[in-house]
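**Q** Here is my input; please provide its structure:
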Amino acid sequence: MINKGSKLYSIFTGSCPKCHEESMYLNPNPYVLRDTLKIGEKCSHCQTKYRLEPSFFFGSMYVSYGVGIAFSVAAFIISYFFLNSSLMTAFIAITVTLIVFMPIIMRVSRTIWINMFIHYDKDLAQKNPKKR
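**A** Numbering: from 1, shown residues only. So this is what the prediction gives:
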């Protein structure tokens, strides 16, 4: 189990990287496509700004490439080796996987990117215990 205080907790839940108390995203459902990348200005719990500078999340495109490759490799291995499909079917599986998981890949990439620059503050969590 992934506990609060770890980078993985923030990445997989999309929560504030500093306090882990609330979601960065305005809509928790990534498949509402018009709201997929909408984030709040700052955390209401710890006041951490999510947009550190203009165009801050452009860097997440590089992370998105790596995450997309990981999803593609997983889809290929599952379809080609475990399901014994043809090479063409494996490539179709990769394409379908990337299309279906694109909103999740975009959110995870943004969350990984911001977690590279903002770190969890356990003292902040202890000062302001809220629904722990």
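**Q** how far out from the middle of the chain is stretch 61-80?
**A** 14 Å (Cα atoms, centre = their mean, to the nearest Å).
**Q** buried residues in the helix ranked longest in the chain?
**A** In the chain, assigned by DSSP state H, the helix with the most residues is helix 87-115. Under the neighbour-count criterion of 16 or more other Cβ atoms under 10 Å, helix 87-115 has 90-91, 93-94, 97, 101-103, 105-115 buried. C-betas here are computed from N, CA, C, even on glycine.
**Q** any idea how far residue 1 lies from residue 66?
**A** Between residue 1 and residue 66 the computed distance is 25 Å (Cβ to Cβ, to the nearest Å).
**Q** Please read the previous query as pertaining to residue 102.
**A** Distance from residue 102 to residue 66, by Cβ to Cβ: 15 Å.
**Q** so where's the chain uncertain?
**A** 125-132 (pLDDT under 70).
**Q** Most distant residue from the centre of it?
**A** The C-alpha centroid of the chain is most remote from residue 86, which lies 31.5 Å away (Cα atoms, centre = their mean).
**Q** Nearest the geometric middle of this structure, what residue?
**A** Mean-position check on the chain, Cα atoms, centre = their mean. Result residue 108 at 1.5 Å.
**Q** Neighbours of the residue lying closest to that residue once chain neighbours are set aside, how many?
**A** Spatial nearest neighbour of residue 108, excluding adjacent residues (Cβ to Cβ, 6 or more residues apart in numbering): residue 67 at 5.8 Å. Neighbour count of residue 67, defined by other Cβ atoms under 10 Å: 18.
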